[in-house]
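**Student:** need coordinates for the following:
(2 chains)
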Number of protein chains: 2
Amino acid sequence: MIKKIAGNICAPKGFLAAGIHVGVRKNTEKADLALIYSEQPAAAAGVFTINEVKAAPVILTEKHLKHGTLQAIIVNSGNANACTGKQGMSDAEQMAAATAAQFNISADKIAVSSTGVIGVPMPIEKITAGIEKIKSQLSTNGDSAALAIMTTDTFPKSIAVEIELNKKTVRIGGIAKGSGMIHPNMATMLSFITTDAAISSTALQQALTASNKLSFNMITVDGDTSTNDMVVVLANGMAQNEKIDSMHHADWQKFCDALAYVCIYLAKEVARDGEGATKLIEMQVHGAVNADQAQLAARAVCRSPLVKSAIYGEDANWGRIASALGTSGAEVDPEQLSIELGTMMLLKNGTPLPFDEDAAREILKQKSIVIKANLGKGNAQATGWGCDLTPDYIKINISYRS
Amino acid sequence: MIKKIAGNICAPKGFLAAGIHVGVRKNTEKADLALIYSEQPAAAAGVFTINEVKAAPVILTEKHLKHGTLQAIIVNSGNANACTGKQGMSDAEQMAAATAAQFNISADKIAVSSTGVIGVPMPIEKITAGIEKIKSQLSTNGDSAALAIMTTDTFPKSIAVEIELNKKTVRIGGIAKGSGMIHPNMATMLSFITTDAAISSTALQQALTASNKLSFNMITVDGDTSTNDMVVVLANGMAQNEKIDSMHHADWQKFCDALAYVCIYLAKEVARDGEGATKLIEMQVHGAVNADQAQLAARAVCRSPLVKSAIYGEDANWGRIASALGTSGAEVDPEQLSIELGTMMLLKNGTPLPFDEDAAREILKQKSIVIKANLGKGNAQATGWGCDLTPDYIKINISYRS
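**Tutor:** Residues are numbered from 1 along each chain as shown, chains lettered A, B, ... in the order given. Next up is the predicted model:
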């Protein structure tokens, strides 16, 4: 049983966090530097952007993760440190070194993460000065870190859960930021997850990869994959459960389910808080040939500007859903295709059904909209999440960079 | 030499056209039925949507094209006849049969095309009654047909050109409609092209496929591929040039270049008139591994809501272009990547250059914006076109279907 508890990244034993203002961007007092620290070295795993143009901190953190052990994560918002050439990589390395120096550990035990404007040099002196101060702010309350990683998110995203593994209580906590872009190029999905579970880095990576596929990889706000996306999980073993040393350990699936629960919760929060969004869209695809095609289909609907505009307009324009499914890359049998809005069947086995427009509009007036489609080709399914497309999306994204 | 001339689909010898109002949609007096007729049976070729959910007229016209000969095209706007089940196919067949009956030819010599709302039964009696009247309106002026195929396009798109093939004058004319959607699901790209060239249907299809790849397949307004996209070309041979009987005929490349010129012109007109658009974006990609990757990269930039919003906001936010290229599926060398806006270099071999924001804004104030990128991986190139994303796009697309 997965039990939701108070707190976030500091809910698991032995984790401390802090968030402070160092002034990465001018003209804002927002906190912009976060530190997450584990009292003991932790097994670590990560998933990263597939963008060919990767930010320097992404490249560095992927490299540090090869050892499978991390002890701290240093994150700044306001500058992505992407497309910044050799200087950018040197700046990311300096962030790791400065953090490591505070704790007398080696720099390759540090994950570095950045989010913000692309192509602008990092104000590295401000960051390193901040790193010297932030250690003294560490506490068992993760809220300031959750705030410091935000860019134009309208609310912090955090969660903690508790499970029992072989009579030991294990906790998993996480924070995330989504894509708000008052300043262009701030769209970056970052999430940091902590757990006191005892688990090997390999088993942890397998659990994260599986969970990520069902959660962060299944949300879309605008279809643009950032240069900086990163999810990192630290597991410090302080729950003293029997160590999960592989995917085949009896507790792996239980841990994985709880990790997926945390990831899905945070991913949905990110979709709900997409730029300018007023509604969360949940797209359930059934009847696909395989899981990959089901995922393609679910994401295509969530990504379609036409579907997103119709949902903002509270218009049950299911033809756009059919069209998006048909061009998603997933196989669709047009004569078996069915589409439901909430509990209302709109298209059944390829034939449009008459429906009550007023009742449909009532469903669309809700803040969360569930759409189901059956592709009529197989038995695989997937769920994706997105948000509506509103004039505020454009308003947020036309602003000048400075 | 390709010479632009007056007129459109009736500029080539032996073509007649008409457009009339039959009332497919209520509450509008707009013309909504178009007929294009060749005095002689014409070699024909077509390219169609790759959407798995294809409209009935797309399926029917693909079938009729197997013979390689067509003599007329009947098109309605206001209803897409897509997701309309068995009745939809029967309605499309009835449109072909009613048109064929007017000319005493067989129904498989007719191309049928529809654009408009998805999932609503066709008002077939209105259409067939219109077909009985439209023949009497045929003339050598194609303008009324260009108007009748429009949905919420803000201007008709048409062109005609003249070339010499072995001392004979050959003409190619074309019309197209793009994606305006005052009523949802009206997004359909249709284009009809006529020529009096003597060319076999096989050589014509090869020329159309090659031209289409460089033109209609390289534009994007919102990334949503319609259920109804269709480009059909008729060649009636009345120019009496030496028949181009294969790709290897001396005149094939000349004809193909002129056809590509027509297709690119119409495609750019469609992009320029995308829903809510204020600017045309031309994305030139160089340095790709191969042409397919260059095309992927060009289309990804034109599709990116972040790039499109920045261009609407006249903000030289080149980081978004780098990010879109990096996630396009094309290989990119981040250390060799270069990006130019107009004549202004912003990123050179992976290093951002300082630039004059005011000068950049001057370039972005133009109605046509040219962006160049070099991916640093090879020698292939491609050009794509799109438009900016504006609040009007959403305004147009939230409206109710009726």
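
**Student:** give me the nearest residue to whichever residue of the stretch 1-150 of chain A sits closest to chain B, chain neighbours excluded.
**Tutor:** Relative to chain B, the nearest point of the stretch 1-150 of chain A is residue A:118 (2.7 Å; Cβ to the nearest Cβ). C-betas here are computed from N, CA, C, even on glycine. What sits nearest to residue A:118 in space, not counting adjacent residues and going by Cβ to Cβ, 6 or more residues apart in numbering or on different chains, is residue B:319, at 2.7 Å.

**Student:** from residue A:79, how far out is that neighbour?
**Tutor:** 11 Å (Cβ to Cβ, to the nearest Å).

**Student:** can you check residue A:279 too?
**Tutor:** Taken as Cβ to Cβ, the span from residue A:279 to residue A:79 is 31 Å.

**Student:** same deal with residue A:164?
**Tutor:** Residue A:164 is 42 Å from residue A:79, by Cβ to Cβ.

**Student:** in terms of neighbours, single out the busier of those two.
**Tutor:** Shown here are residue A:164 and residue A:79; by other Cβ atoms under 10 Å in any protein chain shown, residue A:79 has more neighbours (29 against 14).

**Student:** does that one really touch residue A:123, like I thought?
**Tutor:** Yes. Contact status for residue A:79 versus residue A:123: in contact at 7.0 Å, counting by Cβ atoms under 8 Å.

**Student:** and the residue of chain A most remote from its centre, what pLDDT?
**Tutor:** Residue farthest from the centre of chain A, counting by Cα atoms, centre = their mean, is residue A:354 at 38.7 Å. The score at residue A:354 is 88. That number is its pLDDT.

**Student:** ok, back up a step: which residues do residue A:79 and residue A:123 both contact?
**Tutor:** Here residue A:79 and residue A:123 have residue A:24 as joint contacts, going by Cβ atoms under 8 Å, 6 or more residues apart in numbering or on different chains.

**Student:** is residue A:285 in a helix, a strand, or coil?
**Tutor:** Three-state call for residue A:285 (DSSP: H, G, I helix; E, B strand; the rest coil): strand.

**Student:** so it versus residue A:381, what's the distance?
**Tutor:** Counting by Cβ to Cβ, the gap from residue A:285 to residue A:381 is 6 Å.

**Student:** between the two, which one's more packed in?
**Tutor:** residue A:285 (28 against 18).

**Student:** what bridges to the more buried one?
**Tutor:** Here residue A:285 sits in beta bridges with residue A:373, residue A:382, as judged by DSSP bridges.

**Student:** please determine how far it is located from chain B.
**Tutor:** 13 Å (Cβ to the nearest Cβ, to the nearest Å).

**Student:** repeat that for residue A:263.
**Tutor:** On the measure of Cβ to the nearest Cβ, residue A:263 and chain B end up 21 Å apart.

**Student:** find the nearest non-adjacent residue to that residue, please.
**Tutor:** Residue A:263's closest residue in space is residue A:215 (Cβ to Cβ, 6+ apart), at 3.5 Å.

**Student:** next, count neighbours for the one you found.
**Tutor:** Neighbour tally, residue A:215, other Cβ under 10 Å: 25.

**Student:** what does residue A:376 give?
**Tutor:** 18.

**Student:** which residues touch it?
**Tutor:** A:287, A:332, A:333, A:335, A:336, A:337, A:338, A:349.

**Student:** make a PyMOL selection of the buried ones in the residues you listed.
**Tutor:** Buried residues within the contacts of residue A:376, by 16 or more other Cβ atoms under 10 Å in any protein chain shown, are selected in PyMOL with:
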select buried, chain A and resi 287+332+333+337+338
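
**Student:** ranges for the helices of chain A?
**Tutor:** Counting by DSSP state H, chain A has these helices, from start to end: A:56-64, A:85-103, A:124-134, A:143-148, A:201-214, A:252-272, A:291-303, A:305-312, A:318-326, A:357-364, A:391-397.

**Student:** the shortest one packs against which elements?
**Tutor:** Okay, so that is helix A:143-148. strand A:15-20, strand A:33-48, strand A:69-79, strand A:157-165 (3 or more Cβ pairs under 8 Å, 6 or more residues apart in numbering or on different chains; DSSP states H and E).

**Student:** any idea of the mean pLDDT for it?
**Tutor:** Helix A:143-148 comes out at a mean pLDDT of 94.

**Student:** shaky segments in chain A?
**Tutor:** Across chain A, the ranges flagged by pLDDT under 70 are A:179-189, A:221-225, A:399-402.

**Student:** any shared contact partners between residue A:285 and residue A:381?
**Tutor:** Common neighbours of residue A:285 and residue A:381 (Cβ under 8 Å, 6+ apart) are residue A:294.

**Student:** check contacts around the closest residue to residue A:227 other than its chain neighbours.
**Tutor:** Once flanking residues are discounted, residue A:227 sits nearest to residue A:82: 4.0 Å by Cβ to Cβ, 6+ apart. Residues near residue A:82 by Cβ under 8 Å, 6+ apart: A:53-56, A:88, A:114, A:118-119, A:185, A:227-228, B:319, B:322-323.

**Student:** pipe the residues you listed into TSV and attach distance to residue B:395 and neighbour count per row.
**Tutor:** Listed next are the contacts of residue A:82 as TSV, based on distance: Cβ to Cβ, whole Å; neighbours: other Cβ atoms under 10 Å in any protein chain shown:
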residue	distance to residue B:395	neighbour count
A:53	33	24
A:54	37	22
A:55	35	34
A:56	40	27
A:88	40	28
A:114	36	32
A:118	30	30
A:119	32	28
A:185	26	31
A:227	31	31
A:228	32	28
B:319	28	29
B:322	30	30
B:323	27	34
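
**Student:** what bridges to residue A:33?
**Tutor:** residue A:20, residue A:76.

**Student:** and it, how close does it get to residue A:116?
**Tutor:** 12 Å.

**Student:** show me whatever sits in contact with both of these two.
**Tutor:** A:24, A:76, A:77.

**Student:** ok, now which ones touch the nearest residue to residue A:357 once chain neighbours are set aside?
**Tutor:** Using Cβ to Cβ, 6+ apart and skipping the chain neighbours, the partner closest in space to residue A:357 is residue A:316 (6.7 Å). Contacts for residue A:316 (Cβ under 8 Å, 6+ apart) come out as A:310, A:341, A:344, A:346, A:355, A:357, A:360, A:361, A:363, A:364.

**Student:** ok, now how distant is the last one from chain B?
**Tutor:** The spacing between residue A:364 and chain B, counted by Cβ to the nearest Cβ, is 11 Å.
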